[in-house]
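Peer 1: just a sequence and a predicted model for now, questions to come.
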Amino acid sequence: MSELWGILFVAQVAWNANISHLWIERDSKLAVQFVSEGVNREHPFKAMVDLIRGWLGKEWHVKVSQVYQEQNVVADYMENVFHGVAYGLHLLSHPLAGTDVFLICDAIGLSMTRSIRV
């Protein structure tokens, strides 16, 4: 459910900031699937998914896609840094201290490998 709240919040903030092109990446395949395809009327998240789809269906260009958590290192880092900071939009003029290596790896397409127990 928190992934859906995240998509809704980003969509609302971007719309209110007059952003006309938006690409939302989430590491929850299920949340992306719900938003992209919708859910049946008995689904417990039906109201939330419909609300998000309403925002995404406005007159603007929005893409929602799934990204592996290993590719989402900077977002995870920022989430931890900003945990507990006042709710709202925070614009940064420079990358956060500590994200340098992550940003360089992201720019050259290098990501951490994932270990899967078989």
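Peer 2: The structure has been received and is ready for your questions.

Peer 1: helix or strand: which one has the residue lying closest to residue 89 once chain neighbours are set aside?
Peer 2: Take residue 89 and drop its neighbours on the chain: the residue closest to it by C-beta to C-beta, 6 or more residues apart in numbering is residue 13, 5.3 Å away. The way it works is simple: take the backbone N, C-alpha and C, and place the C-beta from them, glycine included. Secondary-structure assignment from DSSP states H and E places residue 13 in helix 2-16.

Peer 1: in terms of pLDDT, where does residue 31 sit?
Peer 2: With respect to pLDDT, residue 31 has a value of 95.

Peer 1: how many other residues sit next to it?
Peer 2: For residue 31, the neighbour count with other C-beta atoms under 10 Å is 24.

Peer 1: now swap in the one 10 residues further on and tell me
Peer 2: Under the neighbour criterion other C-beta under 10 Å, residue 41 is assigned a count of 7.

Peer 1: tell me which helix or strand residue 62 sits in.
Peer 2: Residue 62 is located in strand 61-66, with elements delineated by DSSP H and E.

Peer 1: surely the residue nearest to residue 89 meets residue 87?
Peer 2: No - applying C-beta atoms under 8 Å, one finds residue 13 not in contact with residue 87, separated by 10.6 Å.
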